[in-house]
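In: need a 3D model of the sequence below.
(one chain, ligands or ions: 2)
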Amino acid sequence: MSHPLALRPISSWLPTAGRPLIISGPCSAENENQMVQTAQQLAATGRVHLLRAGIWKPRTRPGQFEGAGQIGLEWLQSARQASGLPICTEVATAAHVEACLHAGVDVLWIGARTTVNPFSVQEIADALQGVDIPVLVKNPVNPDLELWIGALERLHKAGLYKLAAIHRGFSSFEKGPLRNAPMWDLPIELKTRVPELQIICDPSHIAGHRELLSFIAQKALDLDMDGLMIESHLCPDLALSDVRQQISPATLARLLEGLEIRTPSP
Ligand code: PEP
Ligand code: MN
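Out: Ligands and ions are numbered 1, 2, ... in the order given. The predicted structure follows:
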(Lines give C-alpha, C1' and ligand atoms only; values in the text may rest on other atoms or scores of the structure.)
(Ligands and ions follow the chains in the order given, each with its own letter.)
Protein backbone atom coordinates (compact mmCIF):
# COMPACT_ATOMS: atom_id res chain seq x y z
CA MET A 1 0.00 0.00 0.00
CA SER A 2 1.63 3.21 -1.11
CA HIS A 3 -0.58 5.41 1.05
CA PRO A 4 -3.27 4.70 3.63
CA LEU A 5 -6.85 4.45 2.47
CA ALA A 6 -9.20 7.05 3.95
CA LEU A 7 -12.03 4.69 4.80
CA ARG A 8 -15.30 5.35 6.61
CA PRO A 9 -16.22 2.63 9.12
CA ILE A 10 -19.32 0.52 8.54
CA SER A 11 -21.04 2.09 11.58
CA SER A 12 -20.87 5.49 9.85
CA TRP A 13 -22.72 4.36 6.70
CA LEU A 14 -25.00 1.75 8.23
CA PRO A 15 -25.98 3.17 11.63
CA THR A 16 -28.28 0.18 12.28
CA ALA A 17 -25.35 -2.24 11.92
CA GLY A 18 -24.15 -4.11 14.97
CA ARG A 19 -20.79 -5.73 15.45
CA PRO A 20 -20.47 -8.24 13.98
CA LEU A 21 -22.36 -6.91 10.97
CA ILE A 22 -24.73 -9.65 9.76
CA ILE A 23 -25.62 -9.81 6.07
CA SER A 24 -28.03 -12.50 4.91
CA GLY A 25 -30.42 -13.40 2.14
CA PRO A 26 -30.54 -15.87 -0.72
CA CYS A 27 -27.68 -16.63 -3.05
CA SER A 28 -30.06 -15.60 -5.88
CA ALA A 29 -33.26 -13.59 -5.93
CA GLU A 30 -35.77 -16.01 -7.48
CA ASN A 31 -39.09 -14.18 -7.27
CA GLU A 32 -40.72 -11.28 -5.46
CA ASN A 33 -42.56 -13.40 -2.89
CA GLN A 34 -39.34 -15.20 -1.93
CA MET A 35 -37.52 -11.89 -1.43
CA VAL A 36 -40.31 -10.29 0.62
CA GLN A 37 -40.80 -13.32 2.86
CA THR A 38 -37.09 -13.92 3.35
CA ALA A 39 -36.52 -10.28 4.25
CA GLN A 40 -39.42 -10.29 6.72
CA GLN A 41 -38.21 -13.49 8.39
CA LEU A 42 -34.64 -12.23 8.57
CA ALA A 43 -35.75 -8.88 10.02
CA ALA A 44 -37.87 -10.75 12.59
CA THR A 45 -34.75 -12.48 13.94
CA GLY A 46 -33.60 -9.04 15.06
CA ARG A 47 -30.04 -10.01 14.16
CA VAL A 48 -29.69 -9.20 10.47
CA HIS A 49 -28.55 -5.74 9.37
CA LEU A 50 -28.38 -5.99 5.58
CA LEU A 51 -30.33 -8.08 3.03
CA ARG A 52 -28.32 -9.71 0.24
CA ALA A 53 -29.41 -11.34 -3.03
CA GLY A 54 -27.67 -11.87 -6.35
CA ILE A 55 -29.61 -10.92 -9.47
CA TRP A 56 -26.81 -11.31 -12.02
CA LYS A 57 -25.18 -14.62 -11.13
CA PRO A 58 -21.63 -15.40 -12.29
CA ARG A 59 -22.04 -19.16 -12.85
CA THR A 60 -18.84 -21.06 -13.45
CA ARG A 61 -20.44 -23.22 -16.17
CA PRO A 62 -23.12 -22.12 -18.64
CA GLY A 63 -26.57 -23.61 -18.70
CA GLN A 64 -27.40 -22.96 -15.04
CA PHE A 65 -29.64 -20.30 -13.49
CA GLU A 66 -27.89 -17.02 -14.27
CA GLY A 67 -30.06 -14.77 -12.14
CA ALA A 68 -33.35 -12.97 -12.60
CA GLY A 69 -31.68 -9.85 -14.01
CA GLN A 70 -32.95 -6.32 -13.67
CA ILE A 71 -36.48 -7.26 -12.53
CA GLY A 72 -34.79 -8.55 -9.37
CA LEU A 73 -34.08 -4.95 -8.40
CA GLU A 74 -37.84 -4.39 -8.05
CA TRP A 75 -38.09 -7.47 -5.81
CA LEU A 76 -35.25 -6.13 -3.66
CA GLN A 77 -37.05 -2.80 -3.37
CA SER A 78 -40.25 -4.60 -2.29
CA ALA A 79 -38.27 -6.64 0.25
CA ARG A 80 -36.73 -3.47 1.70
CA GLN A 81 -40.15 -1.85 1.89
CA ALA A 82 -41.65 -4.89 3.63
CA SER A 83 -38.82 -5.45 6.12
CA GLY A 84 -37.02 -2.16 6.64
CA LEU A 85 -33.72 -3.90 5.84
CA PRO A 86 -31.28 -2.09 3.53
CA ILE A 87 -30.47 -4.08 0.38
CA CYS A 88 -27.26 -5.14 -1.34
CA THR A 89 -26.47 -6.98 -4.55
CA GLU A 90 -23.53 -7.97 -6.73
CA VAL A 91 -22.34 -5.82 -9.63
CA ALA A 92 -19.92 -6.97 -12.30
CA THR A 93 -20.32 -4.40 -15.09
CA ALA A 94 -20.97 -0.67 -15.56
CA ALA A 95 -24.51 -1.52 -16.71
CA HIS A 96 -25.16 -3.37 -13.42
CA VAL A 97 -23.88 -0.34 -11.51
CA GLU A 98 -26.13 2.05 -13.43
CA ALA A 99 -29.20 -0.14 -12.86
CA CYS A 100 -28.45 -0.40 -9.13
CA LEU A 101 -27.90 3.33 -8.72
CA HIS A 102 -31.13 4.01 -10.57
CA ALA A 103 -32.98 1.59 -8.25
CA GLY A 104 -31.45 3.08 -5.11
CA VAL A 105 -29.68 -0.08 -3.94
CA ASP A 106 -28.06 0.71 -0.57
CA VAL A 107 -24.83 -1.29 -0.80
CA LEU A 108 -23.02 -3.00 -3.71
CA TRP A 109 -20.64 -5.93 -3.64
CA ILE A 110 -18.04 -7.07 -6.14
CA GLY A 111 -17.81 -10.84 -6.54
CA ALA A 112 -14.73 -13.03 -6.47
CA ARG A 113 -14.79 -13.64 -10.23
CA THR A 114 -14.81 -9.88 -10.83
CA THR A 115 -12.19 -8.80 -8.26
CA VAL A 116 -9.77 -11.05 -10.13
CA ASN A 117 -10.02 -8.85 -13.26
CA PRO A 118 -8.56 -5.32 -13.03
CA PHE A 119 -10.35 -4.27 -16.26
CA SER A 120 -13.74 -5.16 -14.75
CA VAL A 121 -12.94 -3.53 -11.41
CA GLN A 122 -11.82 -0.37 -13.19
CA GLU A 123 -15.00 -0.33 -15.26
CA ILE A 124 -17.04 -0.49 -12.03
CA ALA A 125 -14.87 2.17 -10.37
CA ASP A 126 -15.35 4.48 -13.37
CA ALA A 127 -19.13 3.96 -13.28
CA LEU A 128 -19.09 4.82 -9.57
CA GLN A 129 -16.78 7.85 -9.84
CA GLY A 130 -17.76 10.25 -7.08
CA VAL A 131 -20.90 8.29 -6.10
CA ASP A 132 -21.37 8.05 -2.35
CA ILE A 133 -22.29 4.37 -2.02
CA PRO A 134 -20.73 1.61 0.10
CA VAL A 135 -18.99 -1.21 -1.79
CA LEU A 136 -17.93 -4.56 -0.35
CA VAL A 137 -15.07 -6.22 -2.23
CA LYS A 138 -14.83 -10.00 -2.15
CA ASN A 139 -11.38 -11.54 -2.41
CA PRO A 140 -10.36 -12.72 -5.89
CA VAL A 141 -10.88 -16.45 -6.53
CA ASN A 142 -7.12 -16.98 -6.37
CA PRO A 143 -5.06 -16.20 -3.25
CA ASP A 144 -3.55 -12.94 -4.53
CA LEU A 145 -3.56 -10.23 -1.87
CA GLU A 146 -2.26 -7.61 -4.32
CA LEU A 147 -5.29 -8.08 -6.60
CA TRP A 148 -7.61 -7.74 -3.60
CA ILE A 149 -5.88 -4.55 -2.39
CA GLY A 150 -5.63 -3.28 -5.98
CA ALA A 151 -9.42 -3.55 -6.39
CA LEU A 152 -9.95 -1.55 -3.19
CA GLU A 153 -7.43 1.05 -4.39
CA ARG A 154 -9.20 1.42 -7.76
CA LEU A 155 -12.48 2.18 -5.97
CA HIS A 156 -10.75 4.50 -3.50
CA LYS A 157 -9.14 6.44 -6.35
CA ALA A 158 -12.65 6.90 -7.81
CA GLY A 159 -13.64 8.69 -4.60
CA LEU A 160 -15.29 5.79 -2.76
CA TYR A 161 -14.49 5.69 0.94
CA LYS A 162 -17.26 3.46 2.27
CA LEU A 163 -15.38 0.27 1.51
CA ALA A 164 -15.05 -3.07 3.28
CA ALA A 165 -13.68 -6.47 2.26
CA ILE A 166 -15.38 -9.86 2.16
CA HIS A 167 -13.32 -13.00 2.73
CA ARG A 168 -14.99 -15.89 0.83
CA GLY A 169 -12.05 -18.26 0.51
CA PHE A 170 -9.89 -19.31 -2.44
CA SER A 171 -10.49 -21.97 -5.05
CA SER A 172 -8.01 -24.71 -5.74
CA PHE A 173 -7.82 -27.90 -7.78
CA GLU A 174 -7.43 -29.96 -4.62
CA LYS A 175 -10.86 -30.80 -3.25
CA GLY A 176 -11.16 -30.90 0.53
CA PRO A 177 -14.12 -30.77 2.90
CA LEU A 178 -14.55 -27.05 2.22
CA ARG A 179 -15.69 -25.51 -1.08
CA ASN A 180 -13.04 -22.79 -0.94
CA ALA A 181 -9.89 -22.84 1.17
CA PRO A 182 -10.11 -20.11 3.83
CA MET A 183 -6.34 -19.50 3.94
CA TRP A 184 -6.91 -17.36 7.05
CA ASP A 185 -3.41 -15.89 6.72
CA LEU A 186 -4.60 -13.80 3.78
CA PRO A 187 -7.33 -11.78 5.53
CA ILE A 188 -5.01 -11.48 8.54
CA GLU A 189 -2.25 -10.10 6.30
CA LEU A 190 -4.80 -7.79 4.61
CA LYS A 191 -5.70 -6.36 8.02
CA THR A 192 -2.01 -5.80 8.77
CA ARG A 193 -1.47 -4.07 5.43
CA VAL A 194 -4.67 -1.99 5.58
CA PRO A 195 -5.56 -1.67 9.29
CA GLU A 196 -8.41 0.74 8.63
CA LEU A 197 -10.20 -1.84 6.44
CA GLN A 198 -13.06 -3.84 7.98
CA ILE A 199 -13.36 -7.46 6.89
CA ILE A 200 -16.54 -9.53 6.69
CA CYS A 201 -16.30 -13.32 6.45
CA ASP A 202 -18.56 -15.28 4.05
CA PRO A 203 -18.77 -18.75 5.64
CA SER A 204 -21.31 -19.88 3.00
CA HIS A 205 -18.90 -19.76 0.07
CA ILE A 206 -15.98 -21.02 2.16
CA ALA A 207 -17.86 -24.00 3.59
CA GLY A 208 -20.05 -24.92 0.62
CA HIS A 209 -22.06 -27.16 2.98
CA ARG A 210 -24.50 -25.95 5.60
CA GLU A 211 -23.08 -28.34 8.23
CA LEU A 212 -19.76 -26.47 8.30
CA LEU A 213 -21.11 -22.92 8.46
CA SER A 214 -20.99 -22.41 12.21
CA PHE A 215 -17.45 -23.76 12.47
CA ILE A 216 -16.23 -21.23 9.89
CA ALA A 217 -18.32 -18.39 11.34
CA GLN A 218 -16.93 -18.99 14.83
CA LYS A 219 -13.37 -19.06 13.49
CA ALA A 220 -13.99 -15.70 11.78
CA LEU A 221 -15.28 -14.18 15.01
CA ASP A 222 -12.34 -15.62 16.94
CA LEU A 223 -10.09 -13.78 14.47
CA ASP A 224 -12.03 -10.61 15.33
CA MET A 225 -13.52 -10.18 11.87
CA ASP A 226 -16.08 -7.41 11.60
CA GLY A 227 -19.04 -9.28 10.18
CA LEU A 228 -20.55 -12.35 8.53
CA MET A 229 -22.34 -12.80 5.22
CA ILE A 230 -24.41 -16.01 5.34
CA GLU A 231 -26.78 -17.15 2.59
CA SER A 232 -30.36 -17.96 3.58
CA HIS A 233 -33.31 -19.36 1.64
CA LEU A 234 -36.93 -20.09 2.52
CA CYS A 235 -36.56 -23.67 1.21
CA PRO A 236 -32.79 -24.27 1.03
CA ASP A 237 -33.11 -27.61 -0.77
CA LEU A 238 -35.06 -25.97 -3.60
CA ALA A 239 -32.66 -23.04 -4.14
CA LEU A 240 -31.77 -22.32 -7.77
CA SER A 241 -28.09 -21.78 -6.87
CA ASP A 242 -25.74 -22.84 -4.06
CA VAL A 243 -28.29 -25.34 -2.79
CA ARG A 244 -26.06 -27.19 -0.31
CA GLN A 245 -24.84 -24.16 1.61
CA GLN A 246 -28.05 -22.19 2.20
CA ILE A 247 -30.01 -22.31 5.46
CA SER A 248 -33.48 -21.09 6.43
CA PRO A 249 -33.84 -17.80 8.34
CA ALA A 250 -34.82 -19.83 11.44
CA THR A 251 -31.67 -21.95 11.17
CA LEU A 252 -29.64 -18.78 10.71
CA ALA A 253 -31.09 -17.36 13.92
CA ARG A 254 -30.07 -20.54 15.79
CA LEU A 255 -26.61 -20.50 14.23
CA LEU A 256 -26.06 -16.89 15.28
CA GLU A 257 -27.37 -17.67 18.76
CA GLY A 258 -24.78 -20.41 19.11
CA LEU A 259 -21.82 -18.21 18.21
CA GLU A 260 -19.62 -16.73 20.83
CA ILE A 261 -19.48 -13.06 19.92
CA ARG A 262 -16.52 -11.34 21.46
CA THR A 263 -16.90 -7.78 22.63
CA PRO A 264 -14.77 -5.35 20.64
CA SER A 265 -11.31 -4.90 22.07
CA PRO A 266 -10.92 -1.50 23.79
C1 PEP B 1 -22.43 -15.02 -4.11
O2 PEP B 1 -22.22 -14.25 -3.14
O3 PEP B 1 -23.49 -15.62 -4.29
C4 PEP B 1 -21.31 -15.26 -5.05
C5 PEP B 1 -21.49 -15.50 -6.33
O6 PEP B 1 -20.15 -15.24 -4.42
P7 PEP B 1 -18.60 -15.35 -4.86
O8 PEP B 1 -18.34 -14.14 -5.71
O9 PEP B 1 -17.92 -15.30 -3.53
O10 PEP B 1 -18.42 -16.66 -5.57
MN1 MN C 1 -23.89 -17.96 -3.64
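In: quick check: phi and psi at Cys88.
Out: Phi and psi for Cys88, reported as degrees, to the nearest 10, are phi -140, psi 150.
In: could you list everything it pairs with in the sheet?
Out: Arg52, Val107 (DSSP bridges).
In: now the closest residue to ligand 2 within the chain. Nearest residue, chain neighbours left out?
Out: Proximity of the chain to ligand 2 (CB to the ion) peaks at Cys27, 3.3 Å away. Quick note: C-beta positions are derived from backbone N, CA and C, even for glycine. Nearest residue to Cys27 in three dimensions, chain neighbours excluded: Asp242, at 4.0 Å (CB to CB, 6 or more residues apart in numbering).
In: from the stretch 51-200 of the chain, which residue is nearest to ligand 1?
Out: For the stretch 51-200 of the chain, the residue closest to ligand 1 is Gly111, as judged by CB to the nearest ligand atom, at 3.1 Å.
In: so that residue sits against Thr93, correct?
Out: No. The criterion here is CB atoms under 8 Å, and Gly111 misses it with Thr93 at 11.4 Å.
In: before we move on, the earlier item: from Gly104, how far off is the residue of the chain closest to ligand 2?
Out: Using CB to CB, to the nearest Å, Cys27 is found at 22 Å from Gly104.
In: and the two? Which one has more around it.
Out: Applying other CB atoms under 10 Å to Cys27 and Gly104 shows that Cys27 carries more neighbours, namely 24 against 12.
In: show the model's pLDDT score for the more buried one.
Out: pLDDT, Cys27: 98.
In: what's near enough to touch it?
Out: Residues counted as contacts of Cys27 (CB atoms under 8 Å, 6 or more residues apart in numbering) are Ala53, Gly54, Lys57, Ser204, Glu231, His233, Ala239, Ser241, Asp242, Gln245, Gln246.
In: can we see that at 7 Å?
Out: Gly54, Glu231, Ala239, Ser241, Asp242, Gln246 (CB atoms under 7 Å, 6 or more residues apart in numbering).
In: out of the residues you listed, who's nearest Leu160?
Out: Relative to Leu160, the closest of the contacts of Cys27 is Gly54; by CB to CB it sits at 20.8 Å.
In: tell me the contacts of the closest one?
Out: Residues in contact with Gly54 (CB under 7 Å, 6+ apart) are Cys27, Ser28, Ala29, Gly67, Thr89, Glu90.
In: and with 6 Å instead?
Out: Contact partners of Gly54, counting by CB atoms under 6 Å, 6 or more residues apart in numbering, are Cys27, Ser28, Gly67, Glu90.
In: what residues does the stretch 1-150 of the chain have near ligand 1?
Out: Cys27, Gly54, Pro58, Gly111, Ala112, Arg113, Lys138 (CB under 6 Å from any ligand atom).
In: Leu73: which of those residues is nearest?
Out: The closest of those to Leu73 turns out to be Gly54 (CB to CB; 11.7 Å).
In: model confidence for that closest one, exactly?
Out: If you check Gly54, the pLDDT there is 98.
In: quick revisit: buried subset of the residues of the stretch 1-150 of the chain next to ligand 1 as a PyMOL selection?
Out: The following PyMOL line selects those of these that are buried, judged by 16 or more other CB atoms under 10 Å:
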select buried, resi 27+54+111+112+113+138
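In: any chance of the residues of the stretch 1-150 of the chain next to ligand 1 in a markdown table, plus distance to Trp148 and secondary structure?
Out: Formatted as a markdown table, those follow (distance: CB to CB, whole Å; DSSP: H, G, I helix; E, B strand; the rest coil):
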| residue | distance to Trp148 | secondary structure |
| --- | --- | --- |
| Cys27 | 22 | coil |
| Gly54 | 20 | strand |
| Pro58 | 17 | coil |
| Gly111 | 13 | coil |
| Ala112 | 10 | helix |
| Arg113 | 13 | helix |
| Lys138 | 9 | strand |
